[in-house]
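Visitor: I would like to see how this sequence folds:
(chains A and B)
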Amino acid sequence: MKRKIGILLVGLVFMLAAFVGCTSETNQEATGETNGEVAAGVEYPTKNIQIIVPYSAGGGGDTVARILSDALSQELGRQINVVNREGAGGEIGIAEMARSNPDGYTLGVFGYPDNFVLEHTRDTDFTFESFEYLAAFDDMPMGIFAGPDSPFQSTDDLVEFGTANPGALTIGESGALGLLHVLAFSDHLGIETAPVTFSGGGELMNSLLGKHVDLVSTSSMSHDPITDAGGHPIGFAAAERMAMFPEVPTFKESGYDLEMGVSRVIVAPAGLPEEIKEVLTAALDKIGNDPELKARFETAALPYRYLGSEDVSEFLTRSNNTLKPVIERNIERFK
Amino acid sequence: MSILSPSVLFVIFSGVMIGIIVGAIPGLNGAIGISLLLPITFTLEPQIGLLLLGGIYMGGMYGGSITAILLNVPGDVVAAPAAMEGYPLTQQGRSKEALYYSIFSSMFGGFIGVLILIFFTPPLASFALKFGPAEMFFISLSGLVVVGALAGSIYKSLFAVLFGLFISTVGVDMITASQRFTMGNINLRSGISVVPVVLGLFCLAEMFLNIGKKATEVVEYKDQDINKMTVIKDIVRQKSLVIKSSLIGTFVGLLPGVGTTLAVFLSYGEAKRVSKNPELFEKGNVEGIIAAEAANNATVGSSLVPLLALGVPGSPTSAIIAGALIIHGVILGPSLFVQRPDIAYTFIFGMLLTVVAMTLIGAFGIKYFSYILKIKMEYIVPTVLVFTIFGAYSLRNNVFDVLIAIILGVIGAIFKKTGVPLAPIIIGVVLGGLIETNLMRSMTIANARQVSLVRYMLTNPLAIVLLVMVCAIFYVVIKMRATTKTQ
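Guide: Presented below is the predicted three-dimensional model:
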């Protein structure tokens, strides 16, 4: 009896190791038929692939990674495991991606420009060039929101109040991009504000809806929960009005040339062999242009915009050039 | 769809079962179980998927207590008080009694939490919003004061809580982003999370001390039987304790970020304060088990209140449930009950069934759980060590967390030998960051509004009430200490 239970327990250990350890390659056989292409003598993929997400489970970046891994694994015929490696505002996971072997079996999904902001505000182990940018899937502008019963309706109201009361306007934010957006926004409006740092989306919402801060800086994904609870958007930092929220003005319309947003990208460590890159980009182009993937993103309130490997590099370089001066002007706020 | 259809019942029972298993395994908890099964819910109907996750959440809150009571190895942070009270009972050969108290208190707490979710969601959600930085600061402070109510030398307790607060300062400062005690190590930048600390202090330390001991030296297994009804009757007799603990769990569970750990310790401290036999605490007092277990299961329902009503998750686990809802295109907030009543109502009423499933599995499983005690230590030690190391790793898939757990395991073993209590360390780790960041936020806002910090922090009546509460707890703790000394 005793021995049996002992053996049972040990067996359970291994079972669980196999169960939770989807992160390791315990499951070598393919889930479906292998339709990975053979390009120039390279057979890829021959084993399971892991996607590192530098955030915890449940958030926007994680959601994107899970939707993608599902679609991509059907396309490549291999299991794709999402590994959450959160911490230090995404730095730990992104650094891990940069260090990984560029063999195509470790990929990463994160929200650009987290890597760029981290790189320029901290002493990171990675740079923008540490990655091969394979594709981008969404385009979610940052926005400024006011809480229930807020007297502020437009940027004009903010400028008026901010000029009369320098430093009095409290704006909640979380994450490096949230702070950068507050700083850039205040800069454009020419007013002094007081950013209040929160540790995540939940706390941020609580502080706005409970009227503990005047405004919050967060992405357009929070639009519905905020308006539902009686708050309203001041505007989005987008190039043009969003198809999902056509009634929300852009800052551009009010004369402030501020564009800032999150775009979830899928990357591989730099040095990825050309043949493997071809297989991956072909698979990504195929799922990226599939209306079903678009529908899944939009169900999750993620504004879909697919950019293939060439377009994404061009887009990111352009975006870097816009962000860099903003970061440099406000660098002391990050230290 | 009827919530009593076989497929729904099957999902609920499987969820609770998975929850109990991941909860019982050191290092794994409901949050990890839910994130593992999250992808499965993409293909299920939203209601079914949510109830699977809800079942894991409910079961996970209970599962940790099983190993806590039997082996002094809490499967989860919230089960630490269950180990403090339950393990001494096991050593006295009263393991079944402890397990019955644990499951039935969990049942009462779980029911009260879910009933409050069903009937009071709108008013409670607006109550939760009243907690700004100042209120969060005071409520976290109250948790720190409770440490004084735990047994043992006051100096050792103070040392332990300071040690916990020190651990919480490691990492990149949330507000100023300056690095503290990181020694240039990237892993230390995100700080030391509470899970590896608990695994080290409780699970590894206990196992390290057990290495080399014979089974008979650890626990003499006596199958002292106890009738289920006796236990239920006794819990019902102590209804004020059960109700008060469940309400503490419900209210503290509402607050985003403060979480279950604080609820459990506050409720435990309160039970000791009102107890007729406070000297029996930490020597095996069922009142402590009732208080802690009722409180932790009560938080399950209430942490879903701000999530469903406002889209604000009240705990890490409910944040993952929020992710699942978003993937299904469900917009959280006041209109959820209007736009998707099918999902909202099936989910919250189904949560009542998760309590039923947990009670059934728990109550009938106890016979089998106790077999763990028949296993020789030479099997238990390596098994727990493997699970703990594996659990620490699975937290963020990071070997560094395993290292933290091992270091704290050694420290924990030394502390156990020298009589330094371990619970205050956990309280310090959990609350240190909350106290600090909320004070900093209060300072920023006070500065922006050009009022003094004290003026800002005491603007709202709720903050004043909380401050009075902190002072009252402090006074009671001092008085309690004085009376135990004179006795």
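
Visitor: when you work out contacts or count neighbours from here on, use the C-alpha atoms and nothing else.
Guide: Will do.

Visitor: quick check: chain neighbours aside, which residue is closest to the residue nearest the centre of chain B?
Guide: When chain B is reduced to its mean C-alpha position, the nearest residue by Cα atoms, centre = their mean turns out to be residue B:78, at 2.7 Å. Nearest non-adjacent residue to residue B:78, counting by Cα to Cα, 6 or more residues apart in numbering or on different chains: residue B:261, 5.4 Å away.

Visitor: so how far is chain A from the residue nearest to the centre of chain B?
Guide: 21 Å (Cα to the nearest Cα, to the nearest Å).

Visitor: same deal with residue B:203?
Guide: Separation of residue B:203 from chain A (Cα to the nearest Cα) stands at 16 Å.

Visitor: for that residue, which non-adjacent residue is closest in space?
Guide: Closest residue to residue B:203 in three dimensions, ignoring its sequence neighbours and counting by Cα to Cα, 6+ apart: residue B:73, at 4.8 Å.

Visitor: the one you found against residue B:67, yeah?
Guide: Yes. If you go by Cα atoms under 8 Å, residue B:73 and residue B:67 touch, sitting 5.5 Å apart.

Visitor: residue 119: neighbour count?
Guide: Using chain A here. The criterion is other Cα atoms under 10 Å in any protein chain shown. On that basis, residue A:119 has 16 neighbouring residues.

Visitor: that was the other one, I meant chain B.
Guide: In terms of burial, residue B:119 registers 10 neighbours under the definition other Cα under 10 Å.

Visitor: what mean pLDDT does the helix or strand where it lies have?
Guide: With elements taken from DSSP states H and E, the one containing residue B:119 is helix B:95-129. Along helix B:95-129, the predicted local confidence has a mean pLDDT of 91.

Visitor: what's the following helix or strand after the helix or strand containing residue A:93?
Guide: When elements are assigned from DSSP H and E, residue A:93 belongs to helix A:91-99. Using DSSP H and E, the next helix or strand after helix A:91-99 towards the C-terminus is strand A:106-112.

Visitor: that following strand pairs with which strands, parallel or anti?
Guide: Paired neighbours of strand A:106-112 in the sheet (DSSP bridges): strand A:49-53 (parallel), strand A:261-269 (antiparallel).

Visitor: the ones you listed into TSV, with extra columns for mean pLDDT and distance to residue A:69?
Guide: Supplementary listing: the strands paired with strand A:106-112 in TSV, determined by pLDDT from 0 to 100; distance: least, Cα to Cα, whole Å:
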stretch	mean pLDDT	distance to residue A:69
strand A:49-53	93	8
strand A:261-269	94	10
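
Visitor: any chance of these in TSV, plus mean neighbour count?
Guide: Putting these into TSV (neighbours: other Cα atoms under 10 Å in any protein chain shown) gives the following:
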stretch	mean neighbour count
strand A:49-53	25
strand A:261-269	24
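
Visitor: the helix or strand encompassing residue B:359 vs chain A: in contact?
Guide: Element membership of residue B:359, judged by DSSP H and E, is helix B:341-369. No. Shown here: helix B:341-369 not in contact with chain A (Cα under 8 Å from any Cα of the partner chain), separated by at least 10.8 Å.

Visitor: I'd like to know the average pLDDT value across that helix.
Guide: The average pLDDT for helix B:341-369 rounds to 90.

Visitor: by contact count, what packs against it?
Guide: For helix B:341-369, the elements it packs on are helix B:6-24, helix B:46-71, helix B:95-129, helix B:336-339, judged by 3 or more Cα pairs under 8 Å, 6 or more residues apart in numbering or on different chains; DSSP states H and E.

Visitor: circling back: run the angle between the helix holding residue A:93 and strand A:49-53 for me.
Guide: Put simply, helix A:91-99 runs at 140 degrees to strand A:49-53, going by axes from the mean of the first three to the mean of the last three Cα atoms, to 10 degrees.

Visitor: for the record, mean pLDDT for helix A:91-99?
Guide: Summarised as a single mean, pLDDT over helix A:91-99 is 90.

Visitor: any idea how far the nearest residue to residue A:242 once chain neighbours are set aside lies from chain B?
Guide: With sequence-adjacent residues excluded and distances taken as Cα to Cα, 6+ apart, residue A:242 is closest to residue A:248, at 7.7 Å. When Cα to the nearest Cα is the yardstick, residue A:248 and chain B sit 18 Å from each other.

Visitor: contacting residues for the residue nearest the centre of chain A?
Guide: The central residue of chain A, meaning the one whose C-alpha is nearest the mean C-alpha position (Cα atoms, centre = their mean), is residue A:111 at 2.3 Å. Taking Cα atoms under 8 Å, 6 or more residues apart in numbering or on different chains as the contact definition, residue A:111 lies against A:61, A:262-265.

Visitor: what about residue B:410, how many neighbours?
Guide: Considering only other Cα under 10 Å, residue B:410 is surrounded by 18 other residues.

Visitor: swap in residue B:366?
Guide: Residue B:366 is flanked by 17 other residues according to other Cα under 10 Å.

Visitor: do you know the pLDDT at residue A:137?
Guide: 94.

Visitor: find the nearest non-adjacent residue to it, please.
Guide: Residue A:137 sits nearest to residue A:306 (Cα to Cα, 6+ apart), 4.6 Å away.

Visitor: residues touching the one you found, list them.
Guide: Residue A:306 makes contacts with A:135-138, A:288-289, as judged by Cα under 8 Å, 6+ apart.

Visitor: now rank these by neighbours and give me the top one.
Guide: Of the contacts of residue A:306, with other Cα under 10 Å as the count, residue A:136 tops at 28 neighbours.
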